[in-house]
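Peer 1: Make a model of this:
(one chain, ligands or ions: 1)
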Amino acid sequence: MNEGRVLVVEDEPMVAEVVERYLRRDGYDVCIVHDGKAALTEFASFQPDLVVLDLMLPQIDGKEVCRQIRGRSQTPVIMLTARSEEIDKLVGLELGADDYMTKPFSPRELVARVRAVLRRAGHQPSANSDTLQFDGLVVNRVTRTVEGLRGPVQLTALEFDLLYYVASHPGQVFSRAQLLDAVWDYEYAGDTSTVTVHMRRLRAKVEPDPSRPRHLKTVWGVGYKFEP
Ligand code: CA
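Peer 2: Residues are numbered from 1 along each chain as shown. The predicted model follows:
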């Protein structure tokens, strides 16, 4: 069961990491960004069901991010703030945030708030988001099966993890080091050529023409992206 997609905007890496761990453990898909500019970009591509938004951020502050999100959607926002005196304005009409937490907060409590706000917004956990569907490719993360144009595709556990990771972030460009960090165990740290090798094998299995991939694209000089 997928509980929903949560975009976490937090420039303190330690806080972001803890929040991510707790949300993932409770079945949420999590995307972390560290500044306001990235928040707005990722809001458009990740399409979160809820945003956890720190008030003090580099580049574009949390207030402005909240305002811009409100300008285009009703997606619930939970603000994180160290400044309790601002809370009334944040949650009130001025910004339209749905809830807030004052730092330091309990990550367990934050997950409870996320769940409550999503429920209030009428969000239903969706069995369908166990499946990622694209043109000629269906990836099911529960059964860990993949259907290509020519039927079921047999992948190794690692190939599946790699495919699922990029396919669940369509359009996002990843460096080999980022993929290594996200998909592989730590003992592979630094050996980015293993990513190249596995991406080649994965293409050979899921792409009808591996030399001209439809989904698993190379971004020259950077790494890879999944093109939906
Ligand atoms: Ca901050």
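Peer 1: For this protein, which residues score under the pLDDT cut-off?
Peer 2: Across the chain, the ranges flagged by pLDDT under 70 are 1, 84-93, 125-129, 185-189.
Peer 1: Find the nearest non-adjacent residue to the residue nearest the centre of it, please.
Peer 2: Compute the mean C-alpha point of the chain, and by CA atoms, centre = their mean the closest residue is residue 31, 2.8 Å away. Excluding the flanking residues, the one nearest residue 31 by CB to CB, 6 or more residues apart in numbering is residue 46, at 4.6 Å. C-beta coordinates here come from the backbone N, C-alpha and C atoms, glycine included.
Peer 1: can you count the residues close to the one you found?
Peer 2: By the criterion of other CB atoms under 10 Å, residue 46 has 22 neighbours.
Peer 1: tell me the contacts of the residue nearest to the centre of the chain?
Peer 2: The contact partners of residue 31, by CB atoms under 8 Å, 6 or more residues apart in numbering, come to 5-8, 42, 46, 48, 169.
Peer 1: in this protein, what residue is nearest the ion?
Peer 2: In the chain, no residue comes nearer to the ion than residue 56, which is 3.9 Å away by CB to the ion.
Peer 1: thought that residue was touching residue 63?
Peer 2: No - between residue 56 and residue 63 there is no contact, the gap being 9.6 Å when judged by CB atoms under 8 Å.
Peer 1: Looking at those two, which one has more neighbours?
Peer 2: Legend: neighbour count by other CB under 10 Å for residue 56 and residue 63, higher for residue 63 (20 against 16).
Peer 1: and residue 80, which of the three is it?
Peer 2: Here residue 80 is recorded as strand under DSSP: H, G, I helix; E, B strand; the rest coil.
Peer 1: Residue 17 is in contact with residue 107, correct?
Peer 2: No - between residue 107 and residue 17 there is no contact under CB under 8 Å: 10.1 Å.
Peer 1: my guess is the residue of the chain closest to the ion is in a helix, correct?
Peer 2: No - going by three-state DSSP, the assignment for residue 56 is coil, not a helix.
Peer 1: Can you give me every residue that contacts the closest residue to residue 66 other than its chain neighbours?
Peer 2: Spatial nearest neighbour of residue 66, excluding adjacent residues (CB to CB, 6+ apart): residue 95 at 4.9 Å. Residues in contact with residue 95 (CB under 8 Å, 6+ apart) are 63, 66-67, 70, 79, 89.
Peer 1: Equivalent analysis for residue 57, please.
Peer 2: Residue 57 is in contact with 9, 11, 34-36, 39, 65, counting by CB under 8 Å, 6+ apart.
Peer 1: tell me, which of the residues you listed make contact with the ion?
Peer 2: residue 11 (CB under 5 Å from the ion).
Peer 1: Just the ones in strands from the contacts of residue 57, please.
Peer 2: residue 9 (DSSP state E).
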